[in-house]
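Asker: Fold the following for me, if possible:
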Amino acid sequence: MLKVIFTSEDILRTRVAPTADPVWELVLSLHLLQGRRNEPLLTEWRRSTARTLRKDSAAERFRLLLALNPPRGYFPDFLTPYASREGFQAGLAAVRGTPVDMLHRDLTRLAEENRLPTPAAALARGEPEALRHLTDSMARYHSLAVTPYWPRIQAAVEADRARRARAMLDGGPEGLLASLRPGMRYAGGVLEVLDYPDSRELHLDGRGLLLVPSFFCAPTPVALLDPTLPPVLVYPVDRLGGLVPRTGPGAGRNPDGTREALGALLGRTRAAVLEAADDGCTTGEMARRLRISAAAASQHTTVLRNAGLLVSHRDRNTVLHTLTPLGRAVLDA
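Answerer: Sure, this is the predicted structure:
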């Protein structure tokens, strides 16, 4: 079990990452790609990605990247720098700038349990060419395995953020931490990650905690091993509709005129319910906003949920409705 120890200052400085982190998604997707877990929503993604990587003209470049990210157990902290919260290129730049002592420490630890390919030695010495090759392979892998699915990944993360925002509004920072159940449990200034593979404590010591919602995170949340690094806890979001690449002119939000077509397809009220759920909405709020009865709002959300367009989360006496990736795609189409 991992225990994250908060002070009163840490509680106030805890926040949720504003968007999906592209470097964390890259790294965690590598773990799932090589793992043996049965992930029904990712089956087609794994099959398609493995086939794409094999056919890539420079497939050998991925050998080191895959070795650095075994499907289970330790993986190097330097691969997921704090700077990645500023975007993918900022994250890659931080990886290239990793101090030599950190590279040596992380790779030595990884080599204790895993056989590493020959290029790992040059990486451990901090040779610039080795670091450049590593980040080039990260960029290439990202373009093949993550970028085509990014709208769906981001939609799932945004749906989770809507839940956390609601928990924060209703219960403050402690309500936010309490909303992370059932995989985590918060009480008395301690957040417990229940199925964590190690038994250790992370003392925040006034630094606060960055919660990073992640599509590719396995069921157990992930924290960096080095307690001196900025505290980050990556946790899984609902994968909802799984992954289907979405490209072309329909990939972005179209002008409001397309709402007429959506209304013709779903009916005006149901289309309005779908749009209200874009930022997260409870049944009662939806009824008031659309001027319909609570029973009608519940009936419409049930139909949309059964169609895979909404996901509903109950918290005590309220039910929060948010879009699934499929629902967002329908709304944006």
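Asker: how about the helices of the stretch 101-250 of the chain, start to end?
Answerer: 119-124, 128-145, 150-178 (DSSP state H, counting those that start in this stretch).
Asker: In TSV: those, plus mean neighbour count, mean pLDDT and distance to Ser214.
Answerer: Where C-beta positions appear, they are placed from N, C-alpha and C, glycine not excepted. Below are the helices of the stretch 101-250 of the chain laid out as TSV (neighbours: other Cβ atoms under 10 Å; pLDDT from 0 to 100; distance: least, Cβ to Cβ, whole Å):
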stretch	mean neighbour count	mean pLDDT	distance to Ser214
helix 119-124	18	96	25
helix 128-145	17	96	15
helix 150-178	20	89	7
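Asker: Minimum distance to Asn69: which of those helices has it?
Answerer: helix 128-145 (9.9 Å; Cβ to Cβ).
Asker: Tell me the helices and strands packed up against that closest one.
Answerer: Secondary-structure packing of helix 128-145 (3 or more Cβ pairs under 8 Å, 6 or more residues apart in numbering; DSSP states H and E): helix 22-34, helix 43-55, helix 62-67, helix 88-96, helix 119-124.
Asker: So which of the helices of the stretch 101-250 of the chain is nearest Pro219?
Answerer: Comparing the helices of the stretch 101-250 of the chain under Cβ to Cβ, the one sitting nearest is helix 150-178, at 14.3 Å.
Asker: what sits against Ala159?
Answerer: Residues near Ala159 by Cβ atoms under 8 Å, 6 or more residues apart in numbering: 237-238, 240, 280, 311, 322-324.
Asker: Kindly report the same for Gly183.
Answerer: 193-195, 219-221, 235-236.
Asker: Throw together a ChimeraX command that grabs the buried residues out of these.
Answerer: Buried subset of the contacts of Gly183, written as a ChimeraX selection, criterion 16 or more other Cβ atoms under 10 Å:
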select :193,221,235,236
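Asker: Looking at the contacts of Gly183, which is nearest Arg163?
Answerer: Tyr235 (11.7 Å).
Asker: Isn't that closest one up against Cys217?
Answerer: Yes - Tyr235 sits in contact with Cys217 when judged by Cβ atoms under 8 Å, with a separation of 6.2 Å.
Asker: returning to that earlier point: got a markdown table for the helices of the stretch 101-250 of the chain, with distance to Leu202 too?
Answerer: Converted to a markdown table, the helices of the stretch 101-250 of the chain look like this (distance: least, Cβ to Cβ, whole Å):
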| stretch | distance to Leu202 |
| --- | --- |
| helix 119-124 | 26 |
| helix 128-145 | 26 |
| helix 150-178 | 14 |
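Asker: Which one of those lies nearest to Gly267?
Answerer: helix 150-178 (22.9 Å).
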